[in-house]
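*Asks:* What would the 3D arrangement of this be:
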Amino acid sequence: MLSANPKDTSPLRLGEEVRKIQEALKLAKHQDQFEIATSWAVRVEDLRRALLDHKPHIVHFSGHGAGTEGLGFEDNSGITQLVSSNALASIFELFRGTVECVLLNACYSEIQAQAIHQHVDYVIGMNRPIGDVAAIEFAAGFYDALGAGESYNYAFSMGCASIQLKGSFEYSTPVLKSRPSSLSVFAKKTIKADAMSEKELQQKPNRGISFNISGGKIGSGIQAAQGNKNVQTMTNYTAAEEQPNIAETAKEIQKLLQQLEQANPTITTVEKMNVVAKAVDKIEKNTWFKARIIGAIKSAGTEAFKELIDHPLVNIFIASIEGWQQAE
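*Replies:* Predicted structure coming up:
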């Protein structure tokens, strides 16, 4: 976390913002996956040193922005020193692959966000001035979601919804620049562990004829045991059964969303996201059903599978499970 409020600029509640973020992560379900390093009255050299010292996954800047002129850091006298978009892009290029997300909680910072996005997958900026209250609420909602294990996309939406929940129209001020991936900051560790387990399973000898009911995949041992003719027969059976399985999986998701919708309100954006979060949590606990969903998306494609789910929350649901296929 980098904060700058030069003495020739209007005062910001940066301490309150840091406190809210620390509180969000301290109470988070996955609090052990986060470590916060803070720097105050940040100068240009402080940014460089912080990136080198901490090798962070997330860089959060709080302060003033001046649009095309740059972000407001401090010089050695505490006076504003504007840093250009190109200069920021150049420094983050050196940390490509290490920094996953940059959050610029400063007015008119969308221009800098776009420049940094050349090298960082997830960058958030502001397309207009943003008030202290809205900036703090966005940060709190964003880190609440990350701490709960959600993706950067989901956390961004939660941040915007948090602003809206306060009755502010500034919820459209934050802008997310993203590439197709929705892994949370700590999801890679889980994925790596799962991948190792999968590799161990693949290395085990295949004995006889084997296929899984949900995906209809044929085990590699079938050709040696039964010959090419039977392989062709089983392949045709798989193709015939695959589409009904996809439709059935979509109907089960639709039914789950309907059940949760009946038990929970879905009027506001936050309430809708809460219902989807409950659905995703239930599916996460059922590894067999989750595997079926991943298989269905791989077979039919995301858009085709989404069309099979007749429910108003389908777009939020699909966005929330974006990372599952990459993880698989």
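*Asks:* okay, now L82: neighbour count?
*Replies:* Neighbour count of L82, defined by other Cβ atoms under 10 Å: 13. C-beta here means a position set from N, CA and C on the backbone, and glycine is covered the same way.
*Asks:* Give the bridge partners for it, please.
*Replies:* G72 (DSSP bridges).
*Asks:* quick one: it and G65 touch, right?
*Replies:* No. Counting by Cβ atoms under 8 Å, L82 stays clear of G65, with 9.3 Å between them.
*Asks:* Can you pull the phi/psi pair for G65?
*Replies:* Backbone torsions for G65, taken as degrees, to the nearest 10, come to phi -120, psi 150.
*Asks:* actually G131, not the one I typed
*Replies:* Listed backbone geometry of G131 is phi -80, psi 170, with angles given as degrees, to the nearest 10.
*Asks:* could you measure it against L12, distance?
*Replies:* For G131, the distance to L12 (Cβ to Cβ, to the nearest Å) stands at 10 Å.
*Asks:* And for K272?
*Replies:* Between K272 and L12 the distance is 32 Å, computed by Cβ to Cβ.
*Asks:* still on that earlier bit, can you list residues touching both of L82 and G65?
*Replies:* Among the neighbours of L82, those also in contact with G65 (Cβ atoms under 8 Å, 6 or more residues apart in numbering) are 71-72.
*Asks:* all helices for the stretch 201-328 of the chain, in order.
*Replies:* All helices of the stretch 201-328 of the chain, identified by DSSP state H, counting those that start in this stretch, fall at 222-226, 228-263, 269-284, 287-300, 302-308, 314-320, 322-327.
*Asks:* Figure out which of these is closest to E16.
*Replies:* Within the helices of the stretch 201-328 of the chain, the stretch nearest E16 is helix 269-284; the backing value is 21.6 Å (Cβ to Cβ).
*Asks:* and that closest one with helix 287-300, angle?
*Replies:* For helix 269-284 and helix 287-300, the angle between their directions (axes from the mean of the first three to the mean of the last three Cα atoms, to 10 degrees) works out to 110 degrees.
*Asks:* Run a quick neighbour tally on L260.
*Replies:* By other Cβ under 10 Å, the residues close to L260 number 18.
*Asks:* from memory it sits against A277, does it?
*Replies:* No. At 9.6 Å, L260 and A277 do not qualify as touching, with contact defined as Cβ under 8 Å.
*Asks:* tell me the domain boundaries of the protein?
*Replies:* Structural domains of the chain, as assigned by automatic domain parsing, span the residue ranges 2-187, 205-327.
*Asks:* winner for burial among those?
*Replies:* Here the criterion is mean neighbour count by mean count of other Cβ atoms under 10 Å, and of those the winner is domain 2-187, at a mean of 19.
*Asks:* Give me the distance between that domain and the centre of its chain.
*Replies:* When C-alpha coordinates are averaged (Cα atoms, centre = their mean, to the nearest Å), domain 2-187 and its chain have centres 15 Å apart.
*Asks:* Can you give me the pLDDT of N212?
*Replies:* According to the prediction, N212 has pLDDT 34.
*Asks:* let me fix that: I36
*Replies:* 88.
*Asks:* Ok, I209 next?
*Replies:* As predicted, I209 sits at a pLDDT of 32.
*Asks:* same thing with Q243?
*Replies:* In this model, Q243 is scored at 49, pLDDT.
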